[in-house]
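Student: coords below, sequence missing:
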């Protein structure tokens, strides 16, 4: 079976209590399906809910209605209604998410940050760090930066660390939010290779890419979000 | 007590300081037998029964105002007063000796208020009240030791709250005592406590044996005599019934050890008793003698 | 963060309709929660929200007026914390769980050495070999990044951060399966907080210990907790995965809380 993500009737509204209870409907009854080996690019005008949709897939945002079903270890799990512990289990081994910005943890070095997901999965320390180094090299993060926490890095460097941290594991499903936005030509090309590589290994990929050329290089399919009710930044 | 002494007849004074009186006498008029009223004695006996029923457990009791200040043995005196009978023979020692001021005064107190026979011989006594020592001569079944106790609570050093220490005892939560021993070893390389060394009674309660030297701790273990402990200021009584196990706290790798001397008693040549160090002249020369005067004298009598 | 073991194991800790009142005032009301082995639950709220009261009820230190707190012990199955004897509760508090106080002075014995502080619980449950107790204390000091040579120093000679780390070591030495923490970093300087949080994160992950952490600091919650409960005036107004609650707050109070955090 190839289906990896099945979204049914997904709606997301926001109620801004601090702005007098203003309500915004960002997503309305979305259906979507993603198979293994696909790279679905979410395409919509700015503010139409691309990030919102991605975050609903990750269960970072809670849907107002509908379901997000993820194929996890031989079962379908609706991450929008599953118990917290189960969602965490899905995120641990099935669902990877490269966020737009790196969340920095003080005192943790770049190398530790990238190796951590492997260590969490029980990979032996030496092997984990070797893989981390390999990935960082591939993404052209200079060795002198490996022992430093990434808080002081440039936007592009931080983004590459972020990518490394998620892609070091072989997630069956990858969600990517503008992973190449701050990268130069060479690094962009590397990341495109990495994503294509994951897809070829059987991963299902869903991504938001600002750049037309990147979309061309990666997309097997474009998914357009139907027009939103209110055009306010999601 | 001291003021009362001054008004005494010379003969009686001599009689009780130099030698114990072997025969019964008429108690002084105007006092109940053993000074305390009967109800008080019964109350103390009830406390003693409870204490005996739970070895090592501190039983609160309604301590009375005694004709001595706190710190002079009022607890021990009340226990003795509650148990002493007309046919008893009383021995009183202080630091092992029958003839120090305290021992003399307490012995006299009981002589005056009960008329019971008193003795200095450990083997002849039925009741022995003591401050700070256990006699060297082994005790026998039927004898009663009464210890004078200043602070009954072994955990008081680290836990000032009475409610908390009671909970520790109730739950046998004695980690705190081990902490003290640990600290000693960490700081000094060995367990520094030399007297009033904490023990576990009947494998259950943590107890302070009163300020006897640790040398005497092994004597408490499975002793055929009944051991009673009275704290007057804190108003607690506890007991170790005959043949009860009493174990001194230690660590497996720092086991409990008693004191040893390189000397023998200068008077009786004993090498197995607790020795006092006595300075004999202005040049600082010293000699070592048995702290237990009765033991020392018996040995000397045997040798002649 | 580490994965949570949820394979048909019962919850480690469960609160059912826990309510605590002080006279006419409600400290917390009808609180329900389940905590699984290895899971970290954050309870956030401002002062007066009832979070510390709830924590004390969960830790068996305050008896709620209503409801029950159930704990899955190592050897005796599930017990209701407030129907077992105080003796048993105190024993469990020494062996099965730990409590890290906001102020290290409340959680340490300040008159005894660091080594004695760490070794005390071992001695309380019967450890009787001085050398082994000391070795284990040294090992724990090392794990909380305190120089093991300071084992004989008194806590008053330690900095605030070190005292807090010592408190953590003291609690973890009996390998509890659950740790309660009441504002563990609140009394520390910011730079010191980072180090402590890092340590907590590592220890929780390595030891697979569950934790309930009360904090008013959302950044601490984000870093350490898998799940969050938001409390306001004794009520739980929102709960969910940490990132859900902080990135997609639903309740007006949660939205207020999240938007109030200043970004440096």
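Tutor: Perfect, thanks for sending it. As the structure is a computational prediction, the values presented were derived from the model and not from experiment.
Student: List the buried residues of stretch C:36-50.
Tutor: Buried residues in stretch C:36-50, counting neighbours by 16 or more other CB atoms under 10 Å in any protein chain shown, are found at C:36-45, C:49-50. Just so you know, the C-beta spots here come from the backbone N, C-alpha and C atoms, and that holds for glycine as well.
Student: could the residues you listed be laid out in a markdown table, adding distance to residue B:218, pLDDT and secondary structure?
Tutor: As requested, the buried residues of stretch C:36-50 are arranged in a markdown table below (distance: CB to CB, whole Å; pLDDT from 0 to 100; DSSP: H, G, I helix; E, B strand; the rest coil):
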| residue | distance to residue B:218 | pLDDT | secondary structure |
| --- | --- | --- | --- |
| C:36 | 53 | 92 | coil |
| C:37 | 49 | 89 | coil |
| C:38 | 51 | 88 | coil |
| C:39 | 53 | 92 | coil |
| C:40 | 53 | 94 | strand |
| C:41 | 54 | 96 | strand |
| C:42 | 56 | 96 | strand |
| C:43 | 55 | 96 | strand |
| C:44 | 59 | 94 | strand |
| C:45 | 60 | 90 | coil |
| C:49 | 59 | 87 | coil |
| C:50 | 57 | 90 | coil |
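Student: any idea how far residue C:108 is from chain B?
Tutor: Per CB to the nearest CB, to the nearest Å, residue C:108 is found 12 Å from chain B.
Student: quick one, domains of chain A?
Tutor: A:3-94+A:172-232, A:106-170 (automatic domain parsing).
Student: so how far is the first residue of the shortest one from its last?
Tutor: Taking CA to CA, to the nearest Å, domain A:106-170 runs 26 Å from one end to the other.
Student: quick revisit: which of the buried residues of stretch C:36-50 come close to chain B?
Tutor: Applying CB under 8 Å from any CB of the partner chain, the subset of the buried residues of stretch C:36-50 adjacent to chain B is empty.
Student: Which of these sits closest to chain B?
Tutor: Relative to chain B, the closest of those is residue C:37; by CB to the nearest CB it sits at 26.8 Å.
Student: low-scoring stretches of chain B, by residue?
Tutor: Counting by pLDDT under 70, chain B shows low-confidence ranges at B:1-20.
Student: Could you rerun that using 80?
Tutor: Along chain B, the model assigns pLDDT under 80 to residues B:1-22, B:304.
Student: swap in chain A?
Tutor: If you take pLDDT under 80 as the line, chain A has these spans: A:1, A:47, A:104-106, A:226-234.
Student: re earlier: okay, the buried residues of stretch C:36-50 in JSON lines with distance to residue C:123 next?
Tutor: Shown next, in JSON lines, are these (distance: CB to CB, whole Å):
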{"residue": "C:36", "distance to residue C:123": "31"}
{"residue": "C:37", "distance to residue C:123": "27"}
{"residue": "C:38", "distance to residue C:123": "28"}
{"residue": "C:39", "distance to residue C:123": "31"}
{"residue": "C:40", "distance to residue C:123": "29"}
{"residue": "C:41", "distance to residue C:123": "31"}
{"residue": "C:42", "distance to residue C:123": "33"}
{"residue": "C:43", "distance to residue C:123": "32"}
{"residue": "C:44", "distance to residue C:123": "36"}
{"residue": "C:45", "distance to residue C:123": "37"}
{"residue": "C:49", "distance to residue C:123": "38"}
{"residue": "C:50", "distance to residue C:123": "36"}
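Student: Specify which member of those residues is nearest to residue B:109.
Tutor: residue C:50 (62.9 Å; CB to CB).
Student: So the closest one sits against residue C:230, correct?
Tutor: No. Between residue C:50 and residue C:230 there is no contact under CB atoms under 8 Å: 11.3 Å.
Student: so can I have CSV of the domains of chain A showing mean neighbour count and distance to chain C?
Tutor: Putting the domains of chain A into CSV (neighbours: other CB atoms under 10 Å in any protein chain shown; distance: least, CB to the nearest CB, whole Å) gives the following:
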stretch, mean neighbour count, distance to chain C
domain A:3-94+A:172-232, 18, 4
domain A:106-170, 18, 4
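Student: To residue B:50, which of those domains lies closest?
Tutor: It's domain A:3-94+A:172-232; of these, that one is closest to residue B:50 (CB to CB) at 54.0 Å.
Student: measure whichever residue of the stretch 51-200 of chain B sits closest to chain A to residue B:177 for me?
Tutor: Residue of the stretch 51-200 of chain B nearest chain A, by CB to the nearest CB: residue B:186 (32.3 Å). According to CB to CB, to the nearest Å, residue B:186 and residue B:177 sit 15 Å apart.
Student: now do residue C:173
Tutor: Relative to residue B:177, and taking CB to CB, residue C:173 is found at 18 Å.
Student: One more: residue B:288?
Tutor: Here residue B:288 is placed at a distance of 32 Å from residue B:177 (CB to CB).
Student: any idea where the strands of chain C begin and end?
Tutor: C:13-22, C:25-35, C:40-44, C:66-72, C:78-80, C:97-100, C:178-182, C:210-215, C:227-232, C:235-241 (DSSP state E).
Student: any chance of the ones you listed in CSV, with distance to residue B:136 too?
Tutor: Output for these, formatted as CSV (distance: least, CB to CB, whole Å):
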stretch, distance to residue B:136
strand C:13-22, 59
strand C:25-35, 62
strand C:40-44, 63
strand C:66-72, 55
strand C:78-80, 53
strand C:97-100, 50
strand C:178-182, 54
strand C:210-215, 59
strand C:227-232, 69
strand C:235-241, 71
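Student: okay if I get those as JSON lines plus distance to chain A?
Tutor: Below are the strands of chain C laid out as JSON lines (distance: least, CB to the nearest CB, whole Å):
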{"stretch": "strand C:13-22", "distance to chain A": "14"}
{"stretch": "strand C:25-35", "distance to chain A": "9"}
{"stretch": "strand C:40-44", "distance to chain A": "10"}
{"stretch": "strand C:66-72", "distance to chain A": "15"}
{"stretch": "strand C:78-80", "distance to chain A": "18"}
{"stretch": "strand C:97-100", "distance to chain A": "20"}
{"stretch": "strand C:178-182", "distance to chain A": "16"}
{"stretch": "strand C:210-215", "distance to chain A": "11"}
{"stretch": "strand C:227-232", "distance to chain A": "5"}
{"stretch": "strand C:235-241", "distance to chain A": "5"}
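Student: Identify whichever of those lies nearest to residue B:98.
Tutor: With CB to CB as the criterion, residue B:98 lies closest to strand C:97-100 of the strands of chain C, at 55.3 Å.
Student: Other residues contacting that closest one?
Tutor: For strand C:97-100, the surrounding residues in contact (CB atoms under 8 Å, 6 or more residues apart in numbering or on different chains) are C:59, C:61, C:71, C:93, C:107, C:164, C:167-168, C:170-172, C:174, C:176-182, C:184.
Student: Hmm, residue A:145 and residue A:133 touching each other?
Tutor: No. Between residue A:133 and residue A:145 there is no contact under CB under 8 Å: 11.8 Å.
Student: Check chain A for its longest helix and report it.
Tutor: Ordering each helix of chain A by length in residues (DSSP state H) puts helix A:185-200 first.
Student: Counting by contacts, list what it packs against.
Tutor: strand A:39-43, helix A:155-167, strand A:173-177, strand A:204-208, helix A:212-218 (3 or more CB pairs under 8 Å, 6 or more residues apart in numbering or on different chains; DSSP states H and E).
Student: Grab the most central residue of chain C for me.
Tutor: residue C:180 (1.8 Å; CA atoms, centre = their mean).
Student: mind listing the strands in the chain by residue range?
Tutor: All of this refers to chain A. All strands of chain A, identified by DSSP E, fall at A:3-16, A:22-35, A:39-43, A:65-72, A:75-78, A:95-98, A:173-177, A:204-208, A:221-224.
Student: nope, chain B
Tutor: Under DSSP E, chain B gives strands at B:59-60, B:89-94, B:117-118, B:127-131, B:144-148, B:199-201, B:205-207, B:226-231, B:236-240, B:246-248, B:275-279, B:286-290.
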